[in-house]
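Participant: what would the 3D arrangement of this be:
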Amino acid sequence: MIEKKHDASYILSKKNIFFIILAFAIVSFFYFLPEQSGLSHAGQIMIGILLMGAVLWITEPIPLAVTGLLIMIMQPLLGVVSAQEVFASFGSQAVFFLIGAFIIAGAIEKHGLHKRFALRLLSYFKNNPRFFTLGVMISCALLSFIIPEHAVAALFLPIVISILIAVKVIPKQSNFGKSSVLAVAFGCSIGSLGTLVGGARNPLTIGFLSSLDPPITISFFSWMIYAMPVVFLSLPLVWIVLQLVFPVEKIDISEAKKEIEKQVREAGNMNKQEYKVLFVLILTVCLWLFFSSPEYLGLAVIAIVGSILLFFMGCISWKDVEERVPWGIILLYGGAITLGIGMQKTGAGSWLARQLFQNIGANPYLVIFLLIVFTVLLTNSMSNVGAVAILLPFGLAIAGEIPGISSLFASMLIALSGGLAFMLIIATPGNAITYSSGFYSTRDLFKAGSIASGIGILVIFLVAIFYWRGVLGL
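Facilitator: All right, here's what the predicted structure looks like:
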């Protein structure tokens, strides 16, 4: 990563310089490569830009957001897509949906409303150590429906640690400690699949689909219809994995009960500002559920209306927004959308899909399974959003080459598989945040996470085959 000097300036390590040079060398190679059969010169350059983005997003020698900006400017610089087209695609309504959702989440965080929800939910699972870990997973998943998963992990970790300290568990030795902290990471990841708010890769996917010709639009409620079965099946199964991999030792849960009850009492009654934020949240979610389709208001308009209401009601200031909204994700997201559009317009995605399926065949079930597995492996080695951004152009190309797989079907496979980042610390902020607690090792995470990933792959595959295709007719 980027090394930091004591004077707060930054220098690049030799390893990072190597990866930057490698990334630009790849683009140069494809720029000067003789034109390939069935692929335009612009398409070749887009493949080079795609691989450049993959190298930089996986190795992170520069911030992820800067890579997003680089992807945007490389296209007009190399004559692939005009600057007007590139920057117009950055104005996707999904970008503004994400901004509005982050502002609403910032208000919830500022006034501690999410902590109140968390403590109330945990109070229902305080009588048994095994069901406590289930309660942690369910609570994290539910909160990830309305605020981003990394924010939920950052909130829940100190609450869970305070309870573990009260119970006097020993970090890295107690299975109860391991399963409780991992329940935070896994619950957030699974819950983030359920709605468009949980993870930035979800609105990224609808942004890709809305940029197609003709566009495919997905409402907030439609996303939930597609994704919730995966959430409801994965939560109990992954919880069982934690219980089997880390059998909970005998724990006196009475101290944990006291700690939860103490924190609930300290939270006190809701104040006026909390009620205002709750009102805006409920209003926004209701509008998303019933009026987010294009013939009504649309996702972005509702998100921005909700965020502006918070300013009118004095619940949040612009300084709060500057501190709490992850602007880097917005820039990464914009670069990812332009990458997908460039791959589609130049025909690079379709060409790559054809080369791939010459080798593995066109069996739709095999293609579906391999797409899920490859996405899970990639998302465990880099940013979720980056992994989904790289693979969505492939998914759209696959939809054009394999009978029985639509653009929506392929995109949903990639988006949901991109959330199954259970195995490595670097895979998702939730893993990194919980690992910092010191209650589990990287080996513990990989042991439980690899099994959880296998279950997630199976769940998405079965939901895709029997529910999306069989029931919904995708």
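Participant: residues contacting residue 472?
Facilitator: 225-226 (Cβ atoms under 8 Å, 6 or more residues apart in numbering). C-beta coordinates here come from the backbone N, C-alpha and C atoms, glycine included.
Participant: is it in a helix, a strand, or coil?
Facilitator: At residue 472 the chain is in coil, as set by DSSP: H, G, I helix; E, B strand; the rest coil.
Participant: distance of it from residue 225?
Facilitator: Distance check for residue 472 against residue 225: by Cβ to Cβ, to the nearest Å, it reads 7 Å.
Participant: phi first, then psi, for the nearest residue to residue 35 once chain neighbours are set aside.
Facilitator: Counting by Cβ to Cβ, 6 or more residues apart in numbering, residue 41 is the residue found nearest to residue 35 once chain neighbours are left out, at 5.4 Å. Main-chain dihedrals, residue 41, degrees, to the nearest 10: phi -60, psi -40.
Participant: pLDDT (mean, whole number) over stretch 262-272?
Facilitator: Summarised as a single mean, pLDDT over stretch 262-272 is 78.
Participant: now it: buried residues?
Facilitator: By neighbour count, and taking 16 or more other Cβ atoms under 10 Å as the criterion, the buried residues in stretch 262-272 are residue 263.
Participant: only alpha carbons, please: show that stretch as PDB.
Facilitator: Listed in PDB are the C-alpha atoms of stretch 262-272, where the atom choice follows Å, rounded to 0.1, in the frame of the first residue of the first chain:
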ATOM      1  CA  LYS A 262     -27.000  -1.300  31.000                       C
ATOM      2  CA  GLN A 263     -26.300   0.100  27.400                       C
ATOM      3  CA  VAL A 264     -30.000   0.100  26.700                       C
ATOM      4  CA  ARG A 265     -30.700   2.200  29.800                       C
ATOM      5  CA  GLU A 266     -27.800   4.500  29.000                       C
ATOM      6  CA  ALA A 267     -29.300   5.200  25.600                       C
ATOM      7  CA  GLY A 268     -32.400   6.600  27.300                       C
ATOM      8  CA  ASN A 269     -35.500   7.700  25.400                       C
ATOM      9  CA  MET A 270     -35.400   9.000  21.900                       C
ATOM     10  CA  ASN A 271     -35.000  12.700  21.500                       C
ATOM     11  CA  LYS A 272     -36.600  15.100  19.000                       C
END
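Participant: just checking the distance from that stretch to the centre of its chain.
Facilitator: Relative to the chain's own centre, stretch 262-272 is displaced by 31 Å; criterion: Cα atoms, centre = their mean, to the nearest Å.
Participant: could you list the residues in contact with it?
Facilitator: With Cβ under 8 Å, 6+ apart, stretch 262-272 has contacts from 111-112, 115-116, 119-120, 123, 159, 162, 278.
Participant: redo that, cut-off 6 Å
Facilitator: The list of residues contacting stretch 262-272 from outside it, by Cβ atoms under 6 Å, 6 or more residues apart in numbering, reads 116, 119, 123.
Participant: could you do stretch 194-202 as well?
Facilitator: Counting by Cβ under 6 Å, 6+ apart, stretch 194-202 makes contact with 101, 144-146, 149, 191-192, 203, 220, 223-224, 227-228, 231, 329, 333, 384-385, 388, 415, 418-419, all of which sit outside it.
Participant: before we move on, the earlier item: for residue 47, see how far away the residue nearest to residue 35 is.
Facilitator: The gap separating residue 41 from residue 47 is 11 Å, by Cβ to Cβ.
Participant: between those two, point out the one with more neighbours.
Facilitator: residue 47 (22 against 17; other Cβ atoms under 10 Å).
Participant: who's in contact with the more buried one?
Facilitator: 30, 348.
Participant: name the helix or strand for it, please.
Facilitator: Using DSSP states H and E, residue 47 maps to helix 41-59.
Participant: got the contact list for residue 297?
Facilitator: Taking Cβ under 6 Å, 6+ apart as the definition of contact, the neighbours of residue 297 are residue 291.
Participant: kindly report the same for residue 160.
Facilitator: Shown in contact with residue 160 (Cβ under 6 Å, 6+ apart): 180, 184.
Participant: what score does it have for pLDDT?
Facilitator: 85.
Participant: same question, residue 283
Facilitator: The per-residue pLDDT reported for residue 283 equals 92.
Participant: isn't there a strand covering it?
Facilitator: No - counting by three-state DSSP, residue 283 is located in no strand; its state is helix.
Participant: run a quick neighbour tally on it.
Facilitator: Under the neighbour criterion other Cβ under 10 Å, residue 283 is assigned a count of 14.
Participant: from residue 144, how far off is it?
Facilitator: When distance is defined by Cβ to Cβ, residue 283 is 20 Å away from residue 144.
Participant: wait, a strand at residue 247?
Facilitator: No - assignment of residue 247 by three-state DSSP gives coil, placing it outside any strand.
Participant: contacts only, for it.
Facilitator: Applying Cβ under 6 Å, 6+ apart, we find residue 247 in contact with residue 175.
Participant: again, 10 Å this time
Facilitator: 130, 175-176, 179 (Cβ atoms under 10 Å, 6 or more residues apart in numbering).
Participant: just give me the closest of those residues to residue 349.
Facilitator: For residue 349, the closest of the contacts of residue 247 turns out to be residue 179, at 41.4 Å, with distances computed as Cβ to Cβ.
Participant: for the contacts of residue 247, give me CSV that also has secondary structure.
Facilitator: Output for those, formatted as CSV (three-state DSSP):
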residue, secondary structure
130, helix
175, helix
176, helix
179, helix
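Participant: and the two most separated of those residues?
Facilitator: 130 and 175 (10.6 Å).
Participant: what is in contact with the two at once?
Facilitator: Each of 242-243, 247-248, 251 lies in contact with both residue 130 and residue 175 under the rule Cβ under 10 Å, 6+ apart.
Participant: residue contacts, residue 418?
Facilitator: Taking Cβ under 10 Å, 6+ apart as the definition of contact, the neighbours of residue 418 are 192-193, 199, 201-202, 204-205, 372, 375-376, 378-379, 383-392, 428.
Participant: mind jotting down where the helices sit in the stretch 1-150 of the chain?
Facilitator: Listed in chain order, the helices of the stretch 1-150 of the chain (DSSP state H, counting those that start in this stretch) span residues 14-32, 41-59, 64-77, 83-90, 93-110, 113-122, 129-143, 149-167.
Participant: of those, which approaches residue 292 most closely?
Facilitator: With Cβ to Cβ as the criterion, residue 292 lies closest to helix 93-110 of the helices of the stretch 1-150 of the chain, at 8.9 Å.
Participant: assign a three-state SS to the residue nearest to residue 407 when sequence neighbours are not counted, would you?
Facilitator: Counting by Cβ to Cβ, 6+ apart, residue 407 lies nearest to residue 399, which is 4.2 Å off, once chain neighbours are set aside. Assigned state for residue 399: helix (three-state reduction, three-state DSSP).
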